[in-house]
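Undergrad: after the sequence you'll find the predicted model.
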Amino acid sequence: MAAATHAPMTAESDDRRSSTAQRPGPSQGPRRGAAHWRPRRVVSSPQTIESYLRGNSPPRYMLRLRQIETVFQAEHRRLDAAYRELLETHGDDAERFSRRWRRLARGWRFEHLNHLIREHNDWYPVEASLPMDPRTRDFRPVRGASYRRLELDERWVLEHFPPDPGGAERRGQPPSRAPREPLRQAPRAEGRGRGHRR
């Protein structure tokens with residue numbers, strides 16, 4: 001019987017065998033004491049997740065402002081179309097036109113738009129980290145105007161769509177963007193502007 005031939009054992013091959021024997025196979029778990037084999041685990045803190053989400057989507061207040069402008073422009077188009085239609089039908093009878101348009105303006109509903117506006121007015125300063133103005137004791141203006149939007153109602157409709165046919169020609173172009181509240185004036189210092197006797 002022929003004797004099996006073996007490759008000569010060297011120190012280098014012995015090291016390779018020992019390292020291969022210690023390495024876990026694909027179906028084996030880590031051996032005890034093999035701390036270097038532990039898999040990496042990325043630990044994400046809530047702050048990291050929040051920063052990641054903010055970096056991948058617009059802030060909530062920006063999305064809401066887009067919604068406000070989209071809904072406002074849709075309502076504006078509907079109002080304008082109804083106004084022009086009534087002018088064509090009853091524009092030669094001022095009394096009838098006024099009566100019917102006032103009734104239409106009184107029944108016009110802005111629930112969805114006004115809900116978005118109230119939500120914006122309540123949350124925008126917090127969501128946008130709006131700074132305070134110590135002089136006015138209010139939040140600083142945004143692009144020269146108040147951050148607050150005006151809710152729409154019958155009075156706003158009649159202001160921009162007058163209830164008389166003659167006013168329709170003088171009304172000019174109604175606003176194309178959701179209106180803002182006027183800026184509040186800074187409170188006067190007590191005693192300023194008054195004459196004081198010595």
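TA: That came through fine. Numbers count the residues shown, from 1 in each chain.
Undergrad: pull out the buried positions in whichever helix in the chain runs longest.
TA: As assigned by DSSP state H, the longest helix anywhere in the chain is helix 60-90. Residues 61, 64-65, 68, 71-72, 75-76, 79, 82-83, 86-87, 90 are the ones in helix 60-90 that count as buried (16 or more other Cβ atoms under 10 Å). In short, each C-beta sits where N, CA and C put it, glycine included.
Undergrad: arrange these in TSV, one row each, with distance to E111 and pLDDT as further columns.
TA: Below are the buried residues of helix 60-90 laid out as TSV (distance: Cβ to Cβ, whole Å; pLDDT from 0 to 100):
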residue	distance to E111	pLDDT
Y61	21	95
R64	16	97
L65	19	97
I68	13	98
V71	10	98
F72	13	98
E75	11	97
H76	16	95
L79	15	96
A82	18	97
Y83	21	95
L86	23	96
L87	27	94
H90	28	93
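Undergrad: looking at these, spot the one nearest P179.
TA: For the buried residues of helix 60-90, the residue nearest P179 by Cβ to Cβ is F72; the value is 8.6 Å.
Undergrad: report the secondary structure state of the nearest residue to that closest one once chain neighbours are set aside.
TA: Nearest residue to F72 in three dimensions, chain neighbours excluded: A178, at 4.2 Å (Cβ to Cβ, 6 or more residues apart in numbering). Under DSSP: H, G, I helix; E, B strand; the rest coil, A178 falls in the coil class.
Undergrad: how about low-confidence regions in this protein?
TA: 1-56, 185-198 (pLDDT under 70).
Undergrad: strands of that one, start to end?
TA: 132-133, 138-139 (DSSP state E).
Undergrad: just name the most buried of the ones you listed.
TA: Mean neighbour count (mean count of other Cβ atoms under 10 Å) peaks for strand 138-139 among these, with a mean of 18.
Undergrad: which residues in the protein form helices?
TA: For the chain, the helices defined by DSSP H occupy 11-22, 46-56, 60-90, 94-106, 111-127, 154-160, 165-170.
Undergrad: reformat the strands of the chain as TSV; add distance to H112.
TA: Output for the strands of the chain, formatted as TSV (distance: least, Cβ to Cβ, whole Å):
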stretch	distance to H112
strand 132-133	31
strand 138-139	25
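Undergrad: right, so of the ones you listed, which gets closest to D153?
TA: Per Cβ to Cβ, nearest to D153 of those: strand 138-139, 23.5 Å.
Undergrad: which residues make contact with the closest one from outside it?
TA: Contact with strand 138-139 is made by 125, 130-133, 147, 184, as judged by Cβ atoms under 8 Å, 6 or more residues apart in numbering.
Undergrad: ok, back up a step: so which elements touch the longest helix of the chain?
TA: When contacts are defined as 3 or more Cβ pairs under 8 Å, 6 or more residues apart in numbering; DSSP states H and E, helix 60-90 packs onto helix 94-106, helix 111-127, helix 165-170.
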